[in-house]
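**Student:** Provided below for reference: sequence and predicted model.
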Amino acid sequence: MNDQQISQLEIVKTKVRQLLGGDTSEHADDHVERVALLAERFANECSESVNLQEVLLTA
């Protein structure tokens, strides 16, 4: 990913933390982070070309 994409992801992460920071339904920002890390791992192991930014934003 390029610097612009990384910056955009950081903006999204901040907004997600603001929205889910007080969530008590097991979907707080730490859960979202774990899902994103798992999605990134799957993307890296995929034999086909994937858009990592799309994968992380979807996660």
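**Tutor:** Received it, and whenever you're ready, just let me know what you need. The structure displayed is predicted, hence computed values, not measured ones.

**Student:** Next, the most far-flung residue of the chain relative to its centre: secondary structure please.
**Tutor:** Distance from the C-alpha centroid of the chain, by Cα atoms, centre = their mean, peaks at residue 47 (20.5 Å). Put simply, residue 47 is coil when judged by DSSP: H, G, I helix; E, B strand; the rest coil.

**Student:** Make 57 the starting number, not 1.
**Tutor:** Sounds good: first residue 57 from here, last item residue 103.

**Student:** That one and residue 112: what is the separation?
**Tutor:** 19 Å (Cβ to Cβ, to the nearest Å). In short, each C-beta sits where N, CA and C put it, glycine included.

**Student:** Mind giving me the packing neighbours of the helix or strand where residue 74 lies?
**Tutor:** According to DSSP states H and E, residue 74 maps onto helix 59-76. Here helix 59-76 touches helix 85-101, helix 108-114, going by 3 or more Cβ pairs under 8 Å, 6 or more residues apart in numbering; DSSP states H and E.

**Student:** I'd like the mean pLDDT over that helix, please.
**Tutor:** Helix 59-76 comes out with an average pLDDT of 88.

**Student:** Is residue 108 in contact with residue 62, as I believe?
**Tutor:** No. Taking contacts as Cβ atoms under 8 Å, residue 108 lies outside contact range of residue 62: 10.1 Å.

**Student:** So for these two, which residue has more residues nearby?
**Tutor:** The neighbour comparison of residue 108 against residue 62 (other Cβ atoms under 10 Å) goes to residue 108, with 14 against 11.

**Student:** tell me the contacts of that one?
**Tutor:** 57, 96, 99 (Cβ atoms under 8 Å, 6 or more residues apart in numbering).

**Student:** what do you get for residue 61?
**Tutor:** Contacts of residue 61 by Cβ under 8 Å, 6+ apart are residue 109.

**Student:** how far away is it from residue 109?
**Tutor:** 5 Å.

**Student:** Flag every buried residue along stretch 102-115.
**Tutor:** 109, 111-112, 115 (16 or more other Cβ atoms under 10 Å).

**Student:** brain fart, stretch 78-95
**Tutor:** Applying 16+ other Cβ under 10 Å to stretch 78-95 flags 85, 88, 92, 95 as buried.
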